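A.B. asks: give the three-dimensional model of this entry:
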Amino acid sequence: MKVGRFRTLFASALALAFTASLQASFADDWHTTSSLIGPSKYGENFQRYDYVNPDAPKGGTYNSVVQGTFDSFNPYIVQGSPAAGFVQFGGGLLYDTLMEQATDEGSVSHPLIADAYKYPSDYSSATYRLDPRAKWHDGQPITTEDVIWSFQVLKANSPMYSRYFENVTEAVAVSDREVEFHFNQKGNRELPKILGDLVVLPKHWWEGTDASGKKRDITRPTLEPPLGSAAYKIASFKPGSEIVWQRVPDYWAAKLPVKIGRENFDTQRFTYMLDDNAAWQAFTKGGLDDIKPENSSKKWATFYDFPAIKAGDVIKKEFKTSSPEPMQAFMLNQRRPLFQDRRVREALTYPYDFQTMNRTLFFNYNTRTASYFQNTELASSGLPQGKELEILEKYRDKLPPELFTQEFKLPVYDSPQAERKYLKQAVDLFAQAGWVIKGGKMLNAKTGQPFKFEILGWNETDQVLTGNWIANLRKIGVDASLRIIDQTQYINRVNNFDYDVITGQLQQSESPGNEQRDFWSSKAAGTPGSRNYAGIKDPVIDALVDRIIFATDRDDLVATTHALDRVLLWNYYVVPQFYRAVVWLAYWNKFGIPEKQPSYRGADIDSWWIDTDKEKALAAKYKSGN
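C.D. replies: All right, here's what the predicted structure looks like:
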């Protein structure tokens with residue numbers, strides 16, 4: 001046996017042993033650090049992240065440009081476009097959660113509003129104990145009543161939280177510091193831990209009245225700055241164009257382990273611009289945008305030669321990541337009859353020429369995505385075997401036969417003959433589905449309807465992503481086109497599934513669970529705001545998702561996720577694009593940065609700080625036009 005193979009098996013055995021021990025040792029005991037895979041590298045004695053500078057100075061301003069606009073400070077409903085600093089899932093800059101997901105480990109959380117949690121051995125409930133120091137920005141304590149109310153309103157109004165906590169039936173106070181969450185099914189191993197992701201909202205503020213005496217409404221958008229509990233609060237804003245956040249000097253959690261050496265900027269200013277070009281010009285000139293995460297291979301390779309780069313005032317750096325890579329893909333909306341035939345969806349996969357695009361457009365920076373669980377042990381490979389095969393056998397008559405006999409492979413354009421080969425395969429599949437080419441157009445053989453669809457986008461990157469695919473599709477008579485709309489319209493249309501095709505991203509973890517319902521379930525397909533972009537309604541997938549959620553151990557979870565991945569791939573719900581296991585950042589040289597950054601996420605900007613001398617020097621230099 002090869003050494004690498006032995007190490008993998010040994011590591012898997014340790015993980016399984018740890019998982020088994022969790023049920024025995026964690027049951028009904030208070031614990032401060034939660035993990036779904038293996039013990040945290042910090043154990044139960046987490047003092048601070050090992051990469052931060054605990055003495056990082058506070059101060060300065062972090063400037064950022066955001067494309068688009070905003071019209072709401074309520075991110076937990078479908079309506080409205082939330083401002084920068086707010087997030088649909090989690091607390092963003094304003095609110096704290098019960099526990100905080102670790103920045104340097106997957107599926108690990110540390111205390112925040114709750115200082116500990118526990119659950120029984122049958123996973124039928126979970127109890128969270130609140131830190132008595134936790135308070136709102138108005139000085140009032142965060143109470144069990146706030147937690148219970150937040151759970152209720154989020155489950156009722158937030159599509160993400162509703163599916164995430166689908167099996168949580170109620171939250172009740174069992175003491176003045178403890179909230180117990182009850183589940184409608186036992187055996188959901190993930191659920192006790194992920195309740196730590198619950199964002200806590202101030203009940204007394206949301207149920208109060210505004211300055212005009214009007215009662216506030218958590219179910220509606222608002223531009224009244226809400227009361228919060230986290231490290232920042234809104235200092236000022238200009239509707240749709242700017243929002244400024246100010247660090248709270250007496251933030252209650254500033255000395256908690258998850259916060260030491262982090263959240264160092266006194267001010268965070270977000271300026272809105274309508275297009276990519278304006279945002280790019282703002283960054284190159286300085287003053288409005290301090291850090292630019294770059295997603296464009298072309299820009300990374302060719303655009304970073306402006307004067308500030310040459311002068312050393314802007315630094316270009318890549319940060320390698322070890323976390324799971326997202327499934328970035330063209331999402332084919334099955335709510336449209338055009339995409340409901342699996343053969344048609346498979347046919348649409350063949351004209352996507354990744355290799356040529358990577359060579360001619362992406363400077364060979366990218367790797368083709370071949371799994372919904374890319375870069376994890378959860379990705380399927382080869383042919384199904386062992387426990388995965390056993391799981392899939394139950395659904396054999398409802399699955400594509402080739403799933404059991406062929407390895408899933410995407411087309412590889414590695415020769416001049418490849419294009420002809422794959423376009424012919426696409427035409428053959430269209431023919432099997434009842435489509436024929438006449439007069440250079442792909443037509444329905446019975447109705448004469450042309451095969452025509454629109455890809456919806458919102459910025460210039462969409463033009464790069466779609467150009468090659470559209471060109472190849474037109475070679476076989478498919479009338480595909482790209483439509484660019486503004487970001488607000490785009491968000492609203494995606495939330496309401498009003499599109500034929502979009503480029504979407506689905507980010508997985510190393511311990512999938514309840515969030516899979518939001519990605520794939522039949523219920524989510526009909527729920528506005530869900531992430532079931534492809535509109536999947538498949539009883540087999542629903543069953544596999546439930547089995548993942550109620551997996552008995554890590555081995556069962558891995559095998560079932562392999563099965564889900566394989567079923568998703570062979571049904572061709574999306575046309576996979578690519579990924580890069582690296583974060584590209586260009587930043588103005590005004591920051592202090594710890595020597596080490598967390599490889600799990602690549603970079604933790606919250607651990608950076610402003611070097612005030614550098615900040616002043618840059619401001620003077622670029623203000624004077626030197």
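A.B. asks: any idea how far residue 149 is from residue 172?
C.D. replies: 12 Å (Cβ to Cβ, to the nearest Å). Where you see a C-beta, it was placed from the backbone N, CA and C, and this is true even at glycine.
A.B. asks: and those two? Which one has more around it.
C.D. replies: Comparing residue 172 with residue 149 by neighbour count (other Cβ atoms under 10 Å), the higher total belongs to residue 149, at 20 against 13.
A.B. asks: pretty sure the more buried one is in a strand, no?
C.D. replies: No: remark: residue 149 does not belong to a strand; assigned using DSSP: H, G, I helix; E, B strand; the rest coil, it is helix.
A.B. asks: hmm, residue 201 and it touching each other?
C.D. replies: Yes: with contact defined as Cβ atoms under 8 Å, residue 149 and residue 201 form a contacting pair (7.2 Å).
A.B. asks: buried ones in stretch 83-91, by neighbour count?
C.D. replies: Neighbour-count burial for stretch 83-91, with 16 or more other Cβ atoms under 10 Å as criterion, is recorded at 83-86, 89-91.
A.B. asks: could you do stretch 499-512 as well?
C.D. replies: Buried residues in stretch 499-512, counting neighbours by 16+ other Cβ under 10 Å, are found at 499-504, 506, 508-512.
A.B. asks: what do you get for stretch 558-568?
C.D. replies: Neighbour counts using 16+ other Cβ under 10 Å place 558-568 of stretch 558-568 among the buried residues.
A.B. asks: in strands, which of these appear?
C.D. replies: In strands, judged by DSSP state E, none of those are found.
A.B. asks: closest to residue 398 out of those residues?
C.D. replies: The closest of those to residue 398 turns out to be residue 567 (Cβ to Cβ; 9.4 Å).
A.B. asks: any idea how far the residue nearest to residue 33 when sequence neighbours are not counted lies from residue 106?
C.D. replies: In space, and not counting its chain neighbours, residue 33 is closest to residue 40: 4.9 Å by Cβ to Cβ, 6 or more residues apart in numbering. Taking Cβ to Cβ as the measure, residue 40 and residue 106 are separated by 10 Å.
A.B. asks: roughly how far is stretch 231-242 from the heart of the chain?
C.D. replies: Remark: stretch 231-242 is offset 24 Å from the chain centroid, using Cα atoms, centre = their mean, to the nearest Å.
A.B. asks: also stretch 178-188?
C.D. replies: Between the centre of stretch 178-188 and the centre of its host chain there is 25 Å, according to Cα atoms, centre = their mean.
A.B. asks: buried sites along it?
C.D. replies: Neighbour counts over stretch 178-188 (16+ other Cβ under 10 Å) mark 178-181, 183, 188 as buried.
A.B. asks: pull the residues that contact it.
C.D. replies: Applying Cβ atoms under 8 Å, 6 or more residues apart in numbering, the contact partners of stretch 178-188 are 122-130, 144, 147-148, 151, 167-174, 191, 195, 513-514, 549-550, 552.
A.B. asks: just the ones of the residues you listed in strands?
C.D. replies: Assigned to strands by DSSP E, the following of these qualify: 125-130, 168-173.
A.B. asks: nearest to residue 466 among these?
C.D. replies: For residue 466, the nearest member of the ones in strands among the contacts of stretch 178-188 is residue 168. The distance, counting by Cβ to Cβ, is 40.3 Å.
A.B. asks: mind listing what residue 493 touches?
C.D. replies: Listed by Cβ under 8 Å, 6+ apart, the contact set of residue 493 reads 456, 485, 499.
A.B. asks: and the buried residues of stretch 178-188 as TSV, adding secondary structure, distance to residue 538 and pLDDT?
C.D. replies: As requested, those are arranged in TSV below (DSSP: H, G, I helix; E, B strand; the rest coil; distance: Cβ to Cβ, whole Å; pLDDT from 0 to 100):
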residue	secondary structure	distance to residue 538	pLDDT
178	strand	40	98
179	strand	36	98
180	strand	35	98
181	strand	30	98
183	strand	25	98
188	coil	22	96
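A.B. asks: where along the stretch 151-300 of the chain do the strands fall?
C.D. replies: For the stretch 151-300 of the chain, the strands defined by DSSP state E, counting those that start in this stretch cover 168-173, 178-183, 232-238, 242-247, 267-273, 291-293.
A.B. asks: between those, which one is nearest to residue 364?
C.D. replies: Ranking the strands of the stretch 151-300 of the chain by distance to residue 364, with Cβ to Cβ as the measure, places strand 291-293 first at 20.6 Å.
A.B. asks: strand partners (parallel or antiparallel) of the closest one?
C.D. replies: When sheet partners are counted by DSSP bridges, strand 291-293 sits next to strand 582-588 (antiparallel).
A.B. asks: residues contacting the partner strand, please?
C.D. replies: Taking Cβ under 8 Å, 6+ apart as the criterion, the residues outside strand 582-588 that touch it are 283, 286, 290-295, 300, 304, 308-309, 313-321, 601-603, 618.
A.B. asks: need the next SSE after that strand, C-terminal direction.
C.D. replies: Taking DSSP states H and E as the definition, the helix or strand that follows strand 582-588 towards the C-terminus is strand 591-592.
A.B. asks: direction included, what does that next one pair against?
C.D. replies: Partner strands for strand 591-592, per DSSP bridges, with pairing direction: strand 609-610 (antiparallel).
A.B. asks: I'd like the next helix or strand past the strand it pairs with.
C.D. replies: Using DSSP H and E, the helix or strand that follows strand 609-610 towards the C-terminus is helix 612-623.
A.B. asks: could you pull out the strands for the stretch 401-550 of the chain?
C.D. replies: Taking DSSP E, counting those that start in this stretch as the test, the strands found in the stretch 401-550 of the chain are 435-438, 441-444, 452-457, 479-484, 501-506.
A.B. asks: not counting sequence-adjacent ones, nearest residue to residue 253?
C.D. replies: Ranked by Cβ to Cβ, 6+ apart and with sequence neighbours excluded, the top spatial neighbour of residue 253 is residue 259, at 5.4 Å.
A.B. asks: scratch that, residue 423 is what I was asking about
C.D. replies: On the basis of Cβ to Cβ, 6+ apart, the spatially nearest residue to residue 423 that is not a chain neighbour turns out to be residue 476, at 5.5 Å.
A.B. asks: in contact with that neighbour, which residues?
C.D. replies: Taking Cβ under 8 Å, 6+ apart, one finds 351, 423, 426-427, 430, 437, 442 in contact with residue 476.
A.B. asks: let's see it at 7 Å
C.D. replies: By Cβ atoms under 7 Å, 6 or more residues apart in numbering, the contact set of residue 476 is 351, 423, 426-427, 437, 442.
A.B. asks: cool, and residue 60?
C.D. replies: By Cβ under 7 Å, 6+ apart, the neighbours of residue 60 are 265-266, 610, 612, 615.
A.B. asks: that older thread, of the buried residues of stretch 178-188, closest to residue 356?
C.D. replies: Of all those, the one with the least separation from residue 356 (Cβ to Cβ) is residue 188, at 45.3 Å.
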